[in-house]
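Engineer: Okay, sequence plus prediction incoming.
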Protein chains: 2
Amino acid sequence: MATQPVNKTVHTFDKARLEALLNRRFFYAPAFEIYGGVAGLYDYGPPGSSLQANIIAEWRRHFIIHDHMLELDTTIMTPATVFETSGHVARFADWMVKDTQTGDVLRADHLVRNVLEARLASDREARGNAEHPANENDKKKKKKNVKNTPVRLDDDKVKEYERTLAQMDNFSGPELGELCREHGIRNPDTDNEVGEPQQFNLMFASSIGPTGQHPGYLRPETAQGHFLNFSRLLEFNNGRVPFASAQIGRSFRNEISPRAGLLRVREFTMGEIEHFVDPNDKRHPRFSEYRHVVLSMLDRNVQLQGLSTVTPMTIGEAVDKGIVANETLGYFLGRIQLFLVHIGIDPKRLRFRQHMGNEMAHYATDCWDAEIENATGWTECVGCADRAAYDLSVHAARTGHALVVREALKEPVVSEREVAEFNKKALGQKLGRDGGVVQKIVGEMDQRGLERVKDALLAHGSATISADGREITLTPDLVTIQRKTFKQSIREFTPNVIEPSFGFGRILYTLLEHSFWSREQDIERGVLSLPPVVAPTKVLIVPLSAKEEFDPLVRQVSTQLRKAGVFSRVDDSNTSIGKRYARNDELGTPFGITIDFACMSLTERDTTEQLIGPIDDVIAVVTDLVQGTLDWSTARQRLLVYDGVQAVD
Amino acid sequence: MATQPVNKTVHTFDKARLEALLNRRFFYAPAFEIYGGVAGLYDYGPPGSSLQANIIAEWRRHFIIHDHMLELDTTIMTPATVFETSGHVARFADWMVKDTQTGDVLRADHLVRNVLEARLASDREARGNAEHPANENDKKKKKKNVKNTPVRLDDDKVKEYERTLAQMDNFSGPELGELCREHGIRNPDTDNEVGEPQQFNLMFASSIGPTGQHPGYLRPETAQGHFLNFSRLLEFNNGRVPFASAQIGRSFRNEISPRAGLLRVREFTMGEIEHFVDPNDKRHPRFSEYRHVVLSMLDRNVQLQGLSTVTPMTIGEAVDKGIVANETLGYFLGRIQLFLVHIGIDPKRLRFRQHMGNEMAHYATDCWDAEIENATGWTECVGCADRAAYDLSVHAARTGHALVVREALKEPVVSEREVAEFNKKALGQKLGRDGGVVQKIVGEMDQRGLERVKDALLAHGSATISADGREITLTPDLVTIQRKTFKQSIREFTPNVIEPSFGFGRILYTLLEHSFWSREQDIERGVLSLPPVVAPTKVLIVPLSAKEEFDPLVRQVSTQLRKAGVFSRVDDSNTSIGKRYARNDELGTPFGITIDFACMSLTERDTTEQLIGPIDDVIAVVTDLVQGTLDWSTARQRLLVYDGVQAVD
């Protein structure tokens, strides 16, 4: 960040005012708004598009370039067979319940969570210790609520609700139905009963080609595009693991009733990394560089006790203690933390939560979410799953294409084992059709079975085996069993996959919340303290008046900044300088250059402090500030601090 | 381009060899390949993703940043009502015919074109003047063709076929059906007759939400996302036109039978600009900077004569003569030409073709395509349409939201006109129900009608009007007509839209064709002469051997290049230097740095010429080369030319 905002006051956060700002400045808006909108679909306007593009550019730099990942761009429309194999057709679903009278559809876990949380809030109010009683959002909720009188619950009930809520993500559909019945949970909008939870598949379905015979789905994640291209990627990497592929792209989930702005949408841009690794060696060569990174961790066991206490811990210690399963998973958790803080997420509102057993996606063996706190609670913004060999194995089995690594062993592995050899002619002559039965039974015997037959043939000159209850006698002229030596020079294995998966819309929204504050002297004037690295516009150029005589200087400054790679905007509108700066506070523009006849001044957004100096010096300083090679306190030594008051009116 | 390849020979172009290279190096590959693939869907691998990303980055710089366009990122999934309004549900369709026996589906215009072209080729062969008799593709086509013996056509027939082909894009469905009957056109794969052409809508359909009651489509273009946000964009631009919005994103078209690689796909990344302009003033402030740009033009009239002769012309002259309708359309055609040549398209294989009447999309009033020649013929890669006020008008009418510009007039427009005023009480008393009839008829009169009534009332004290054959008499106590003055200070209008629309996949593929050649001394060694600005990797770093002692120097060079913003790759594999350079010829890497004990050398891809010098000098030179501020002939003066032969073996 450019500097700590000196007059920032976190407790003044007002979600409604932030949302009004984002809407007014067209960061994003409901898609198809003039048609009444569609829940869960949003369009990004110029500042939102630019903020998202900058976050993605940093992501590309921080992950793809840093680790030489192989970038991919695969298709969204996918034939149904792919998702049948991957398990998504059968299992990528949420539980929904229907209002028994109106037929309205609600997501079952959200219904249970919302009703229990509302009852607990009502209980707190009845006990006279409601939190944030004057909060705008609470007031609105209360208005919509059917029961307005606070209801006090038994102490046991309170504990039971809290325990249930802490394990909310762990319940199956039938369990959610049981919770509805047990606690008399009804549709809060109508007070009607709800039916039994049913599964609803979250993939959008379509049909490919003109005949209607080829069903397809829109991908709900980019991952399958990586897995299906595994052999090509491996070849591109000269046949060696570990390596990672990465993809930035759109995915789709037909959410049941999305209502949380950018936090739960039906179409979203994600960044996914698939790191392919030897299942026997999940160490990471650069883990030692990051083992000192401290994360706030919330593991599975703590949650199963009904608690949500985080423990600060270095990622090195977490791996050493087995809380995080391996170095590669740990490496990515550490790098995720560094990325999020770098783009402006408040580290005090970031935690890493491990998934509980029933909560994990069907393909995962372990999973940690980077959760970021915002006005609606803790929200999963990055998932980091160990998908093991699941996906590659199922696609290989279905298609018959081996999706494996073939590794030349430095020292061939030499092993010995018993092998049966049959005298087929003698078997046919002596046993007839039983000859085939013998070949099948002996051929499928394990080493202990073969040793027993071998010993019997040696000791007694014959051995008996049983087939369908009958006994067949073998003699050395029919079958011989010998110890042979085998030399294996290639090791073949299906790699495991560690998958960090980022939802850029959720990160973008929580970043906006964390960046938002209001100036004490002007509560209506919102400020977005976006770090220069992601801010949509880096520098605002303001000529002191719209007079034409400023034009050549404005063009000169603008051109010099563009050549230095700094994105600036000129505001030569007729409004006052103060209004122009206020507009750019709302757009999160970190620096302003005011061009006067006499001098040029540089203003820092968060402190509104001004420095003045000759044109070339100011441009050099602002370029270094934007590139992050200079901080404001050092900038104050390179230019003259100006303590006038007229810049902000 | 870095330099003209000295030993490039265009006539050796071999599509099969290029495609093998692109497949081997994973530029792109059929999506879902291990599942047998799906026609029209492709995945981009690491070099293809990178090439596409670089083309898009240049596009953003050349169009969005150059003209301060407002960037958007809108949703793909769209409720059906939007495309009902825009006309896509009714009219965004192609004509298909079914094989009467097998039910196979063919695109009607492609069928007619392919059959007539095959007959003309057969005729040329029969006349003994077949072109490219040894062409690999022709050989393959011949094998598949049912009739192998060349058939000579009448001279009149040849002319008729040629005339038909030149107007191919102008035929309606029934006309295509008529052509099939008239020329006995059958399915070439089965020799069966085909049925009547039927329309097939090209949009992929889906359903939004869990109830199945909200039909949706995947967008076939990004344009509607701009139009629906018009009011927000206008406000962001302080209420002023002209301005342009721009969007880069995925779109979908459910093509009937895609068979042409990246040239006809079902899912593609496009870049679209919507330039909103005053319909009364389509001048462009920067047109004069580009009026000297020369384009190869093929206008509508030439095509309707059955010809395809291009005329080279400056865009200034084309606008002056009215061949291109206005400056804004001309501005974009010129800028499109400059962009395509800048990224490496051969200007001799680029033309601008105007659409004929029936060929234009339903929303367009004029349209020019930038067509690029490749092995399959001339392919539309950029469309530049004047959509007039079509889209904004239909969405405004459907939703009731005004999508207009309100412009404060500098001088209010003062106008006078006759206005009727009614004495409603007297009308009711005297005429009863006819009072209403009078108000309606007089209220709807034009100025001449009102003047006639006014004159009659003045001259005779009464006037008669006719209503449903009856006559009604008016007197001054019932109605008075007076001349009044009106002052209009706001002008309200629906802007027109000029839309340049780019298909990045088609541009990428034709660029690869234009860049491909083989070295004379080694015909198997393909080279992609991609300009440094779009090449996936800019510099290959090759240590002379894999010995560890080179590692620190390799790291130093790699770090210095990264700091200079130059994307490099290290190849420290164990294969020979020559093989490593050959691999990078295929990847289109323009420069190579070989690190030896004694010195560092810089190799240019196309000439394979080598320069040597101290490490800092070589890095400075290669940085300037990649950034385009230095060409190779000047680079030769800054370093030492090395004329050894061992670099290419």
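Structural biologist: Nice, I can see it.

Engineer: so where's chain A uncertain?
Structural biologist: For chain A, residues meeting the criterion pLDDT under 70 lie at A:1-12, A:130-148, A:546, A:598, A:644-649.

Engineer: Show me the residue sitting in the middle of it in space.
Structural biologist: Chain A has A:V382 as the residue nearest its centroid, 2.7 Å off, counting by Cα atoms, centre = their mean.

Engineer: ok, what's across the strand from that one?
Structural biologist: Per DSSP bridges, the residues bridged to A:V382 are A:A370, A:F502.

Engineer: next one: A:V413
Structural biologist: Residues in a beta bridge with A:V413, per DSSP bridges, are A:Q488.

Engineer: And chain A, split by domain according to the record?
Structural biologist: Chain A breaks down by automatic domain parsing into domains covering A:10-88+A:203-393+A:496-507, A:98-201, A:413-492, A:537-642.

Engineer: and A:Q482, helix, strand or coil?
Structural biologist: Here A:Q482 is recorded as strand under DSSP: H, G, I helix; E, B strand; the rest coil.

Engineer: Please apply the same query to the one 4 residues further on.
Structural biologist: Secondary structure assignment for A:F486 (three-state DSSP): strand.

Engineer: A:T379 now?
Structural biologist: strand.

Engineer: what's the neighbour count on it?
Structural biologist: Using other Cβ atoms under 10 Å in any protein chain shown, A:T379 has 20 neighbouring residues. The way it works is simple: take the backbone N, C-alpha and C, and place the C-beta from them, glycine included.

Engineer: repeat for A:R107
Structural biologist: When neighbours are counted by other Cβ under 10 Å, A:R107 registers 23.

Engineer: give me phi/psi at it?
Structural biologist: According to degrees, to the nearest 10, the main-chain angles of A:R107 amount to phi -80, psi 130.

Engineer: Please report the distance of it from chain B.
Structural biologist: Separation of A:R107 from chain B (Cβ to the nearest Cβ, to the nearest Å) stands at 9 Å.

Engineer: For the nearest residue to that residue once chain neighbours are set aside, list the residues it contacts.
Structural biologist: Nearest non-adjacent residue to A:R107, counting by Cβ to Cβ, 6 or more residues apart in numbering or on different chains: A:I256, 4.4 Å away. Contacts for A:I256 (Cβ atoms under 8 Å, 6 or more residues apart in numbering or on different chains) come out as A:D94, A:M96, A:V105, A:L106, A:R107, A:F200, B:G209, B:P210.

Engineer: Secondary structure and distance to B:E421 for these - can I get that in CSV?
Structural biologist: CSV is the format used below for these (DSSP: H, G, I helix; E, B strand; the rest coil; distance: Cβ to Cβ, whole Å):
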residue, secondary structure, distance to B:E421
A:D94, strand, 65
A:M96, strand, 63
A:V105, strand, 58
A:L106, strand, 59
A:R107, strand, 62
A:F200, strand, 64
B:G209, coil, 54
B:P210, coil, 59
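
Engineer: Pick out whichever of these sits closest to B:L298.
Structural biologist: Minimum distance to B:L298 across the contacts of A:I256 is 47.4 Å, recorded for B:G209 (Cβ to Cβ).

Engineer: My read is that the closest one contacts A:N254, right?
Structural biologist: Yes. Look at B:G209 against A:N254 with Cβ atoms under 8 Å: they come within range, at 6.8 Å.

Engineer: Which one's more surrounded, the two?
Structural biologist: Applying other Cβ under 10 Å to B:G209 and A:N254 shows that A:N254 carries more neighbours, namely 25 against 19.

Engineer: from memory that one sits against B:H214, does it?
Structural biologist: No. Counting by Cβ under 8 Å, A:N254 does not reach B:H214; the two are 10.3 Å apart.

Engineer: any common contacting residues for these two?
Structural biologist: B:I208.

Engineer: If you count neighbours, what's buried in whichever helix or strand A:I336 is part of?
Structural biologist: Per DSSP states H and E: A:I336 is located in helix A:327-342. Buried positions in helix A:327-342, judged by neighbour count with 16 or more other Cβ atoms under 10 Å in any protein chain shown: A:327-337, A:339-340.

Engineer: A:V158 and B:Q447, how far apart?
Structural biologist: 79 Å (Cβ to Cβ, to the nearest Å).

Engineer: mind listing what the spatially closest residue to A:K98 that is not a sequence neighbour touches?
Structural biologist: Nearest residue to A:K98 in three dimensions, chain neighbours excluded: A:G195, at 4.9 Å (Cβ to Cβ, 6+ apart). Applying Cβ under 8 Å, 6+ apart, we find A:G195 in contact with A:V97, A:K98, A:T100.

Engineer: what does A:D67 give?
Structural biologist: By Cβ under 8 Å, 6+ apart, the contact set of A:D67 is A:A244.

Engineer: What of A:T81?
Structural biologist: A:T81 makes contacts with A:R398, B:Y35, as judged by Cβ under 8 Å, 6+ apart.

Engineer: same thing with A:F26?
Structural biologist: Contacts of A:F26 by Cβ under 8 Å, 6+ apart are A:G45, A:P46, A:P47, A:G48, B:N229, B:R232, B:L233, B:E235, B:F236.

Engineer: sorry, back to before: of all the domains of chain A, which one is nearest B:M77?
Structural biologist: When the domains of chain A are compared (using Cβ to Cβ), the closest one is domain A:10-88+A:203-393+A:496-507, at 5.4 Å.

Engineer: Packing partners of the lengthiest helix in chain A?
Structural biologist: Ranked by residue count under DSSP state H, the longest helix found in chain A is helix A:108-126. Packing partners of helix A:108-126 (3 or more Cβ pairs under 8 Å, 6 or more residues apart in numbering or on different chains; DSSP states H and E): strand A:93-98, helix A:155-166, helix A:173-182.

Engineer: May I see the ones you listed organised as a markdown table, with distance to B:S308 added?
Structural biologist: Shown next, in a markdown table, are the helices and strands packed on helix A:108-126 (distance: least, Cβ to Cβ, whole Å):
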| stretch | distance to B:S308 |
| --- | --- |
| strand A:93-98 | 55 |
| helix A:155-166 | 72 |
| helix A:173-182 | 64 |
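
Engineer: Distance check, A:D191 against chain B.
Structural biologist: Distance of A:D191 to chain B, computed by Cβ to the nearest Cβ: 21 Å.

Engineer: swap in A:P412?
Structural biologist: Counting by Cβ to the nearest Cβ - A:P412 and chain B are separated by 20 Å.

Engineer: what's that residue in contact with, if anything?
Structural biologist: Applying Cβ under 8 Å, 6+ apart to A:P412 gives the contacts A:K487, A:Q488, A:S489.
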